[in-house]
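1. next comes the sequence, and after it the predicted model I'd like to discuss.
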Amino acid sequence: MTHIVESRPLIVSATKEEAAYLPEDVPVLVTGIGTLAAAIKLTALLAEARAEGRTPSRIINIGTAGGLKDGVSGVFEIATVFKHDLDRDVFEDATGRGWGEPYELKKVGPLPAAGLATGDSFIRDSETRARLGHYAELVDMEGVAFVEVARFFDIPITLLKQVSDSADENAATTWFDVVDHSAKEIAAVVGDYL
């Protein structure tokens, strides 16, 4: 069980593989893959901690992401994030108000900034990659959920994403081959955010 330490950051990851090389003295929550698992696990932990009078100083989501543009590589701090598989137009037409607008995140560290599209599908085809690439540089499956939970609890959040694959037809095979390297790259930079 993850134990939140008052006034210390909480690192959140979808998978244990992505979190394999993180510092041992920082609390780490592994939620599972997808927006629902991310939201449920993080909400449950923060609600329990709040009831006990503990709040992390910041949530730091680390993980891998698919690159939506050619030549995108390395680790990025996310500047904007949105849910790409929400049919915003239908809701806007029905209600007359905006839905699913991108969240702007305050940049707090030295890494280059990128935009992130989040959805519950592992993107592995060139057509979807090209469509999403008009709006963001990276794609993942949890980021926007972590941001929504952090905002609900009024806790600052930073998303750090390492480009593990190119979100095309080879993405699934590539991810499993490179996740260990990805975890090492993330661990090498996370100290700048603690």
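-> That came through fine. Residues are numbered from 1 along each chain as shown.

2. how about the contacts made by the residue nearest the centre of the chain?
-> To find the centre residue of the chain, average its C-alpha atoms and take the closest one (CA atoms, centre = their mean): that gives Gly143, at 2.9 Å. Residues touching Gly143, when contacts are defined by CB atoms under 8 Å, 6 or more residues apart in numbering, comprise Asn61, Gly63, Ala65, Ile78, Val81, Leu116, Thr118, Leu159, Lys161. Just so you know, the C-beta spots here come from the backbone N, C-alpha and C atoms, and that holds for glycine as well.

3. which one of the residues you listed is nearest Ala20?
-> Here the nearest of the contacts of Gly143 to Ala20, counting by CB to CB, is Gly63; it sits at 12.0 Å.

4. pairing partners for that closest one in the sheet, please.
-> Partner residues in beta bridges with Gly63: Lys161, with DSSP bridges as the criterion.

5. can you tell me how far it sits from Pro112?
-> 17 Å (CB to CB, to the nearest Å).

6. just Asp168 next, same as before
-> Noted for Asp168: a distance of 22 Å to Pro112, by CB to CB.

7. equivalent analysis for Leu46, please.
-> When CB to CB is applied, the distance between Leu46 and Pro112 equals 29 Å.

8. neighbour count: those two, which is higher?
-> Here Leu46 and Pro112 are set side by side on neighbour count (other CB atoms under 10 Å), and the busier one is Leu46, at 22 against 12.

9. so that one touches Val149, yeah?
-> Yes. Using CB atoms under 8 Å, Leu46 makes contact with Val149 at a distance of 6.9 Å.

10. hey, what's the spatially closest residue to Phe76 that is not a sequence neighbour bridged with?
-> Ranked by CB to CB, 6 or more residues apart in numbering and with sequence neighbours excluded, the top spatial neighbour of Phe76 is Ala114, at 3.9 Å. Here Ala114 shows beta-bridge partners Ile78, assigned using DSSP bridges.

11. check contacts around Ala114.
-> Val72, Phe76, Glu77, Ile78, Ala79, Ala136, Glu137, Leu138, Lys161.

12. got CSV for those, with pLDDT, distance to His3 and neighbour count too?
-> Listed next are the contacts of Ala114 as CSV, based on pLDDT from 0 to 100; distance: CB to CB, whole Å; neighbours: other CB atoms under 10 Å:
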residue, pLDDT, distance to His3, neighbour count
Val72, 95, 36, 18
Phe76, 99, 29, 23
Glu77, 99, 26, 21
Ile78, 99, 26, 28
Ala79, 99, 31, 19
Ala136, 95, 34, 23
Glu137, 97, 34, 24
Leu138, 96, 30, 28
Lys161, 99, 25, 29
